[in-house]
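Participant: sharing a model prediction with you, sequence too.
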Amino acid sequence: MILFSNMKKNIFIRLTVLILAASSLASCDKEPKIDQNQLFIDKMKAVTDSIIQNTHVPGIVALVVDHKRDIDWLYAAGYSDIPSKLPMDGSNIFRIASNTKTFTGTVLLQLVDEGKLSLTDKLSKFYPDFPNAESITIAMLCNMSSGINDYTGNPVWQNIASINPSKVWTPAEIVDLAFAEEFSFNPGSGWQYSNTNTIILGMIIEKLTGNTLESEVENRIVKPLKLNKTGFLTSGMNLPGTHGRGYYAGEYEEDGDYTEFFDISSAWAAGSAYSTPRELQKFAEARFMVMVVPYPGLHLPCTIA
């Protein structure tokens, strides 16, 4: 009887444990799953807010888009105008600086796709009087391996830009300054970021088409994609549309405002465009889509994506 009683007790205990375990599993199934996308967004937001709180950066607009993970996050923090304490706005226009190079490069590669030139063409085909023109290919200008110095590092350019920021520069003037200095290395034997390369690409585009680079960007990219807040500037100090202010040109200066301080011709094909985060996204997605399906109204070679 004692043994039988103990057996019943053991069976009861085991059944109780099984029921509790099953109950525990059931309750686990009902617990909400962790949203990994939201965790990622929370981290990005925390980093963005930390930059505003702990540095002199007045404002930031962050855009993260990942269609595979179903992430589409646009976030603005800080001020777009410090004195007026205007909050940063993700729909505002801003100078896209060297992202301009992707527009210039896209137009150039369209011309390559149309058979107007080849990436293996020598610079001498278009500008035979340029130094080392016979040794420099269009591809070298595109991938920064030409060895041509960056004109923005030239002391003459820096001095003129400082003394006379409203000076309107021509592409030829800019290129002459770059060629006044020795090459950084023999063409094709190294790599160095140089804005001069893209200025020359812009000059080649104008020579081939007989049109301004501005009109080529407008007709080949801006209009087909309906980028209503995107444009390419050739000169002038004003930035169109509603936009934030830019306060620092290098080191932190409490009272600095360089938003409309320099004539934009000093950047031209290498950095004179403006846009918004969403319109840059649209442009980037259109370039990628050409590799998958044709994008209506936009003709881009596959090699740019």
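Facilitator: Good, I have the coordinates. Numbering: from 1, shown residues only.
Participant: what segments of the stretch 101-250 of the chain are helices?
Facilitator: In the stretch 101-250 of the chain, helices defined by DSSP state H, counting those that start in this stretch lie at 138-142, 155-163, 171-179, 195-209, 213-217, listed in chain order.
Participant: which residues in the stretch 201-305 of the chain form strands?
Facilitator: For the stretch 201-305 of the chain, applying DSSP state E, counting those that start in this stretch gives strands covering 231-232, 273-275.
Participant: which one of those strands lies nearest to residue 47?
Facilitator: strand 273-275 (23.5 Å; C-beta to C-beta). Using the backbone N, CA and C atoms, a C-beta is placed for each residue, glycine as well.
Participant: rewinding a little: dump the helices of the stretch 101-250 of the chain to JSON lines, plus distance to residue 259 and mean pLDDT.
Facilitator: As requested, the helices of the stretch 101-250 of the chain are arranged in JSON lines below (distance: least, C-beta to C-beta, whole Å; pLDDT from 0 to 100):
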{"stretch": "helix 138-142", "distance to residue 259": "30", "mean pLDDT": "98"}
{"stretch": "helix 155-163", "distance to residue 259": "16", "mean pLDDT": "95"}
{"stretch": "helix 171-179", "distance to residue 259": "22", "mean pLDDT": "97"}
{"stretch": "helix 195-209", "distance to residue 259": "20", "mean pLDDT": "98"}
{"stretch": "helix 213-217", "distance to residue 259": "21", "mean pLDDT": "98"}
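Participant: CSV for those helices, including distance to residue 248 and mean neighbour count?
Facilitator: Below are the helices of the stretch 101-250 of the chain laid out as CSV (distance: least, C-beta to C-beta, whole Å; neighbours: other C-beta atoms under 10 Å):
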stretch, distance to residue 248, mean neighbour count
helix 138-142, 30, 21
helix 155-163, 15, 13
helix 171-179, 24, 18
helix 195-209, 20, 22
helix 213-217, 28, 21
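Participant: can you list those helices in JSON lines and add distance to residue 89?
Facilitator: Converted to JSON lines, the helices of the stretch 101-250 of the chain look like this (distance: least, C-beta to C-beta, whole Å):
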{"stretch": "helix 138-142", "distance to residue 89": "34"}
{"stretch": "helix 155-163", "distance to residue 89": "30"}
{"stretch": "helix 171-179", "distance to residue 89": "33"}
{"stretch": "helix 195-209", "distance to residue 89": "29"}
{"stretch": "helix 213-217", "distance to residue 89": "25"}
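Participant: related to what we said a few turns ago, and the strands of the stretch 201-305 of the chain, which is most packed in?
Facilitator: strand 273-275 (a mean of 24; mean count of other C-beta atoms under 10 Å).
Participant: in the sheet, which strands lie alongside that one, parallel or antiparallel?
Facilitator: Paired neighbours of strand 273-275 in the sheet (DSSP bridges): strand 94-95 (antiparallel), strand 231-232 (antiparallel).
Participant: what are the contacting residues of the first one?
Facilitator: Read it as strand 94-95. Residues from elsewhere that reach strand 94-95 (C-beta atoms under 8 Å, 6 or more residues apart in numbering): 61, 239, 243, 244, 246, 271, 273, 274, 275, 276.
Participant: can you tell me how far the fifth one is from residue 238?
Facilitator: Read it as residue 246. According to C-beta to C-beta, to the nearest Å, residue 246 and residue 238 sit 13 Å apart.
Participant: higher neighbour count, those two?
Facilitator: residue 246 (19 against 9; other C-beta atoms under 10 Å).
Participant: need the contact list for that one.
Facilitator: 95, 257, 258, 259.
Participant: try it again with 10 Å
Facilitator: Contacts for residue 246 (C-beta atoms under 10 Å, 6 or more residues apart in numbering) come out as 58-59, 80, 94-95, 97, 239, 256-261.
Participant: list only buried entries from these.
Facilitator: 58, 59, 80, 94, 95, 239, 259, 260 (16 or more other C-beta atoms under 10 Å).
Participant: could you point out which residue ranges in the stretch 201-305 of the chain have low pLDDT?
Facilitator: 254, 289-305 (pLDDT under 70).
Participant: still on that earlier bit, which of the helices of the stretch 101-250 of the chain sits closest to residue 225?
Facilitator: Between these, helix 213-217 lies closest to residue 225; by C-beta to C-beta that is 11.0 Å.
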